[in-house]
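1. Predicted model and sequence below, questions to follow.
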Amino acid sequence: MSRFLPFLIGAVIAVSSCTKQPLIEGKLEEPVTTSLSFEVYAARDYNDVYYDNSLAEVRLGIGVINLKTNITTVVWDTSFSFRQLKQYPQIAQKTLISKMIQHLPNSELLNVSKAVRYNVNGYMSMESSGESVTSTSKLVSVSL
């Protein structure tokens, strides 16, 4: 019997360590709401005749990047079609667009983008930028 005692103790330890662990329910990530605002305005007075052939187009967008799949989904976008620079409002009358976007803070990243295309006497130029949103509110200014 004493020969089998070490074997019996080993078997009891092995069997007891193979018991199933209780399931731990995963916590679902709670979405957060982020306030995003865009303001569009002319940075100067373009009413002079010199600027009559100066046009600008503005494109704004909000995207959500899934950090697991690295796929970006556009959740909102808009554009101001080409128009004379003097047709954009001055800063005192700026166009303000506000959006509330929900996302999962640990698995998704919010991204805002802006692009401005200029046509000055037939010569085209463009400036654009995009940035991640890390806080619960963000203001993006587009000054022409």
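-> Nice, thanks for sending it over. Numbers count the residues shown, from 1 in each chain.
2. for the protein, what spans make up the strands?
-> Applying DSSP state E to the chain gives strands spanning 32-41, 54-66, 71-84, 95-103, 108-120, 123-133, 137-143.
3. Output the below-cut-off pLDDT ranges for the chain.
-> Along the chain, the model assigns pLDDT under 70 to residues 1-26.
4. just to revisit the earlier point, so for residue 48, which of the strands of the chain sits nearest?
-> Distances from residue 48 to each of the strands of the chain were compared using CB to CB; the shortest belongs to strand 54-66, at 9.9 Å. All C-beta spots, glycine's among them, are computed from the backbone N, C-alpha and C.
5. Using TSV, please lay out the strands of the chain together with mean neighbour count.
-> Written out in TSV, the entries for the strands of the chain read as follows (neighbours: other CB atoms under 10 Å):
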stretch	mean neighbour count
strand 32-41	17
strand 54-66	18
strand 71-84	12
strand 95-103	14
strand 108-120	17
strand 123-133	11
strand 137-143	16
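6. CSV for those strands, including distance to residue 48?
-> As requested, the strands of the chain are exported to CSV (distance: least, CB to CB, whole Å):
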stretch, distance to residue 48
strand 32-41, 18
strand 54-66, 10
strand 71-84, 11
strand 95-103, 22
strand 108-120, 13
strand 123-133, 18
strand 137-143, 18
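7. Nearest to residue 47 among those would be which one?
-> Comparing the strands of the chain against residue 47 with CB to CB, the closest turns out to be strand 71-84 (9.7 Å).
8. what's that closest one packed up against?
-> If contacts are counted by 3 or more CB pairs under 8 Å, 6 or more residues apart in numbering; DSSP states H and E, strand 71-84 sits against strand 54-66, strand 95-103, strand 108-120.
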